[in-house]
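**Student:** Let me see the structure of the following:
(chains A, B, C and D)
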There are 2 protein chains.
Amino acid sequence: MPAPSRDAPRPARPSRRPLTKREGRFHHGDLGWALVEAATQLLEREGPAGVGLRAAARLAGVSHNAPYRHFPDRESMLAAVAAGGLAALADRLEKAAGGHRDARQALAAIAETYLRLAAERPHLFRLMFGPDVADKSRHAAVREAGLRAHRILLDTIAAGQRAGTVRAGDPADLALGLWAAVHGVAALFLDGMLSERARERGGPPGLARLVTEQLRLGLDPRP
Amino acid sequence: MPAPSRDAPRPARPSRRPLTKREGRFHHGDLGWALVEAATQLLEREGPAGVGLRAAARLAGVSHNAPYRHFPDRESMLAAVAAGGLAALADRLEKAAGGHRDARQALAAIAETYLRLAAERPHLFRLMFGPDVADKSRHAAVREAGLRAHRILLDTIAAGQRAGTVRAGDPADLALGLWAAVHGVAALFLDGMLSERARERGGPPGLARLVTEQLRLGLDPRP
DNA sequence: CGTGGATGGTGACAGTGTCAACATAGGATC
DNA sequence: GATCCTATGTTGACACTGTCACCATCCACG
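**Tutor:** Have a look, this model is predicted:
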């Protein structure tokens, strides 16, 4: 058994060393990273159908089978792209939530950030949450970035409860409700299920406002 | 220009006549319908990747290019399947909502029905709302079934407002909020984004209860 | 210095969507 | 009743995909 890295696709590239001028050589230097970049670019330009092993290899300037030294299959490459997107989302959410002292404002900012990313990079967003990468929990990077993003939401809600601006209750439940509502509009928006009128509501910021407002007030009539 | 039915794929089959024993003949009798059935079956069995023109044709017992006399392309066949799913959803929602006089109970029933369908037929559900059929508004059957389902939600909310059990406000906005929340949990549930704890909350009915409760009460603390 | 493992390349196979050209069946028309 | 027309199905081809098996090269460590 030659046993290549069949299980741990390790495309990460913290150190941005300039590839030491190895372009054009036999050994690319850092394929894996280059492939993830190529795949991300393809996703943006041509949609999910356009991002494949062969296309990414072509864009990276290697043979059609080179990717298999870095990813066991297509889905793993997609997972790497998705992990990058989730990390970017978590970063943005941290910034957005950190900028407000009032939890309700922070939650509104989170919702807006979430929807803005969905609208700006729809293909990436769908890849991050959709079924194209089926076993998300098996890809460590995906799992971690997802948990990080979720924790921001959780912490913000807990802070609001301590400050008395968010009603009592299991923070996990409240977080789930909020996440679902925001994720739901994003999905409906991206997939063209919203009426013209709904989609013209000021774009993502407007939709975010609408949803957070709804959630804050509730459906029951206030006495 | 031979001009086949290049634009109006008309796969409908209200009358269930027994195909008049034409099976096996040159003319199938009602391909188009048979293809939609085959595609639906393939979707259930093998997921979205397994449903293609050629596979459906094979299952229907015709040549690999026969489907092109009934659908201009693969996406149109998928649209027909999605339309069927949406019609079924609308039917179920009508039944669920009609069984309750109190609007709040009706809304809860709607949410549960929605989530139950998502859990029972995940592939169909994703096809109905996902990006596989990109231009949903162009396929008349899809558009109509979608509107029918949405109208049920709208009417239920309006009834609740008249009865004083749902707070005032634009019904379209309230409907959007509710739809987004329910659709959001469904999507997160199907795509494996929920924690173990959240997913163990009694399955779809539990999740439906959680979300509707959240929406009713709101996040703001009640005075 | 040399060798072995990691990395990349070649070739092949089955499968797909789609186009073009051809064949047939059966109803409309004369 | 014979004839044509058109809707429907078939055959063949092309480019593309993911994946496998096998071969080539390079680099680092003994």
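**Student:** Heading C-terminal from the helix or strand bottoming out on mean pLDDT in chain A, find the next helix or strand.
**Tutor:** Of all helical and strand segments in chain A, the minimum by mean pLDDT, DSSP states H and E falls on helix A:196-199, at a mean of 88. Reading on from helix A:196-199 to the C-terminus, the next helix or strand found by DSSP states H and E is helix A:203-217.
**Student:** Check whether stretch A:201-215 comes near chain B.
**Tutor:** Yes. Counting by CB under 8 Å from any CB of the partner chain, chain B has neighbours in stretch A:201-215: A:210-211, A:214-215. C-beta coordinates here come from the backbone N, C-alpha and C atoms, glycine included.
**Student:** can you count the residues close to the nearest residue to residue A:103 once chain neighbours are set aside?
**Tutor:** Once flanking residues are discounted, residue A:103 sits nearest to residue A:160: 2.8 Å by CB to CB, 6 or more residues apart in numbering or on different chains. Other residues lying near residue A:160 total 23 when counted by other CB atoms under 10 Å in any protein chain shown.
**Student:** Check what pLDDT residue A:160 gets.
**Tutor:** The per-residue pLDDT reported for residue A:160 equals 97.
**Student:** Surely it touches residue A:107?
**Tutor:** Yes. At 7.1 Å, residue A:160 and residue A:107 qualify as touching, with contact defined as CB atoms under 8 Å.
**Student:** okay, the helix or strand containing residue A:148 in PDB with CA atoms only?
**Tutor:** Using DSSP H and E, residue A:148 sits in helix A:140-163. What follows is helix A:140-163 as a C-alpha-only set of coordinates in PDB (Å, rounded to 0.1, in the frame of the first residue of the first chain):
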ATOM      1  CA  ALA A 140     -11.800  19.400  11.000                       C
ATOM      2  CA  ALA A 141     -11.300  22.900   9.500                       C
ATOM      3  CA  VAL A 142     -14.900  23.200   8.600                       C
ATOM      4  CA  ARG A 143     -16.100  22.000  12.000                       C
ATOM      5  CA  GLU A 144     -13.800  24.400  13.900                       C
ATOM      6  CA  ALA A 145     -14.700  27.500  11.900                       C
ATOM      7  CA  GLY A 146     -18.400  26.700  12.200                       C
ATOM      8  CA  LEU A 147     -18.100  26.300  15.900                       C
ATOM      9  CA  ARG A 148     -16.200  29.600  16.200                       C
ATOM     10  CA  ALA A 149     -18.900  31.400  14.300                       C
ATOM     11  CA  HIS A 150     -21.600  29.800  16.500                       C
ATOM     12  CA  ARG A 151     -19.900  30.700  19.700                       C
ATOM     13  CA  ILE A 152     -20.000  34.400  18.800                       C
ATOM     14  CA  LEU A 153     -23.700  34.300  18.500                       C
ATOM     15  CA  LEU A 154     -24.000  32.300  21.800                       C
ATOM     16  CA  ASP A 155     -21.700  34.700  23.700                       C
ATOM     17  CA  THR A 156     -23.600  37.800  22.400                       C
ATOM     18  CA  ILE A 157     -26.900  36.300  23.600                       C
ATOM     19  CA  ALA A 158     -25.600  35.400  27.000                       C
ATOM     20  CA  ALA A 159     -24.200  38.900  27.400                       C
ATOM     21  CA  GLY A 160     -27.600  40.300  26.500                       C
ATOM     22  CA  GLN A 161     -29.200  38.200  29.100                       C
ATOM     23  CA  ARG A 162     -26.800  39.300  31.800                       C
ATOM     24  CA  ALA A 163     -27.500  42.900  30.800                       C
END
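**Student:** mind listing what's buried in it?
**Tutor:** A:141-142, A:145-146, A:148-150, A:152-154, A:156-161 (16 or more other CB atoms under 10 Å in any protein chain shown).
**Student:** again with stretch A:112-123
**Tutor:** For stretch A:112-123, by 16+ other CB under 10 Å, it's A:112-119, A:121-123.
**Student:** where along chain A do the helices fall?
**Tutor:** Remark: helices assigned in chain A by DSSP state H are A:33-46, A:53-60, A:74-98, A:103-120, A:122-129, A:140-163, A:171-190, A:196-199, A:203-217.
**Student:** quick one: the third one to chain centroid distance?
**Tutor:** Which is helix A:74-98. Relative to its chain's centre, helix A:74-98 lies at 4 Å (CA atoms, centre = their mean, to the nearest Å).
**Student:** Check which helices and strands that helix is in contact with.
**Tutor:** Applying 3 or more CB pairs under 8 Å, 6 or more residues apart in numbering or on different chains; DSSP states H and E, one finds that helix A:74-98 contacts helix A:33-46, helix A:53-60, helix A:103-120, helix A:122-129, helix A:140-163.
**Student:** Packing partners of the helix holding residue A:148?
**Tutor:** Helices and strands touching helix A:140-163, by 3+ CB pairs under 8 Å, 6+ apart, are helix A:74-98, helix A:103-120, helix A:171-190.
**Student:** Take these and lay them out in TSV including mean pLDDT and distance to residue B:134.
**Tutor:** TSV is the format used below for the helices and strands packed on helix A:140-163 (pLDDT from 0 to 100; distance: least, CB to CB, whole Å):
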stretch	mean pLDDT	distance to residue B:134
helix A:74-98	97	19
helix A:103-120	97	16
helix A:171-190	97	11
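**Student:** Residue A:62: which of those is closest?
**Tutor:** helix A:74-98 (13.3 Å; CB to CB).
**Student:** With adjacent residues omitted, what lies nearest to the residue nearest the centre of chain A?
**Tutor:** Compute the mean C-alpha point of chain A, and by CA atoms, centre = their mean the closest residue is residue A:86, 3.2 Å away. Nearest residue to residue A:86, sequence neighbours excluded (CB to CB, 6+ apart): residue A:145, at 3.5 Å.
**Student:** Show me what counts as buried in stretch A:203-218.
**Tutor:** By 16+ other CB under 10 Å, the buried positions in stretch A:203-218 come out as A:204, A:207-212, A:214-218.
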